[in-house]
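1. take a look and give me a structure for this.
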Amino acid sequence: MLKELKEALKLIQFDKEVISSTVGRKSATSYGFLILFAIPFISIFIVALNYSSGIGAMFSRFRFWPLMIPFISLSIVYFLESFYLKKLFKIKINYLGLFRVLSHASLVFAVIILFFVLNFFEFRLGDNFLNILFYSAFTYVFIFNYKFLDLVFNLKQKDLYTVIFLSVFSYFIVNLILGDLLVGSSYRLFF
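-> Numbering: from 1, shown residues only. Below you'll find the predicted structure:
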């Protein structure tokens, strides 16, 4: 696990050798899912520690799903992006290879854990700060994504922008749909 985290840290810095090895490494798939879902679970666990009901509070649909939905949406969008590349630009693509790289790049979302740790110790920064952290990481992942697609597929710039636009748009649509289904009308895109 520590080796995978070190690899993910190198990948975030756009180490081309690590990116190349991550695309083809089958074990990177499970670690990619682990990276994507450990971050919200750790965050939810820290939030639950603030409640007198303890760990049981973490399974409230108003605490659990609002932190999980963005990461479920990202997972779905990583696969949708492969679909867009294949159908729109006729690129032979390894769906899992793209997922492996982007899920490892999603390690940057770990900065939101810092927000919850600070909150736990009564250093309250407000939800706006959480939004800044989350959407800064989100922006970084899609900038990384742009560079990765350019490196691997040599698409024209307008095609790269199209894929990134479709992915970001899809993220918000998937996020809203899941939020409406799992939380209801109280779900918001921003924390």
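2. helix, strand or coil: sort out the residue located most distally from the centre of the chain for me.
-> Relative to the centre of the chain, the most outlying C-alpha is that of residue 52, 30.0 Å out, by C-alpha atoms, centre = their mean. The assignment at residue 52 comes out as coil when based on DSSP: H, G, I helix; E, B strand; the rest coil.
3. return the distance of the least confident helix or strand in the chain by mean pLDDT from the chain's centre.
-> Counting by mean pLDDT, DSSP states H and E, the chain has its least confident helix or strand at helix 2-12, which shows a mean of 87. Computed by C-alpha atoms, centre = their mean, to the nearest Å, the chain-centroid distance of helix 2-12 equals 15 Å.
4. when you give positions from now on, start the count at 847
-> Yes, from this point I'll number from 847; that puts the last item at helix 848-858.
5. need the residues that contact that helix.
-> 864-865, 867-868, 873-874, 877, 881, 947, 950-951, 953-954, 990 (C-beta atoms under 8 Å, 6 or more residues apart in numbering). Any C-beta I mention is one placed from the backbone N, CA and C, and that applies to glycine too.
6. just those: which are in helices?
-> Using DSSP state H, the members of the contacts of helix 848-858 that fall within helices are 864, 865, 867, 868, 873, 874, 877, 881, 947, 950, 951, 990.
7. quick one: buried residues of stretch 873-889?
-> Buried residues in stretch 873-889, defined by neighbour count with 16 or more other C-beta atoms under 10 Å: 874, 877, 878, 881, 882, 884, 885, 886, 888, 889.
8. next one: stretch 968-985
-> Here stretch 968-985 shows 976, 977, 979, 980, 983, 984 as buried, counting by 16+ other C-beta under 10 Å.
9. I'd like the next helix or strand past the helix or strand containing residue 983.
-> Secondary structure assignment for residue 983, by DSSP states H and E: helix 973-999. Next helix or strand after helix 973-999 toward the C-terminus (DSSP H and E): helix 1003-1028.
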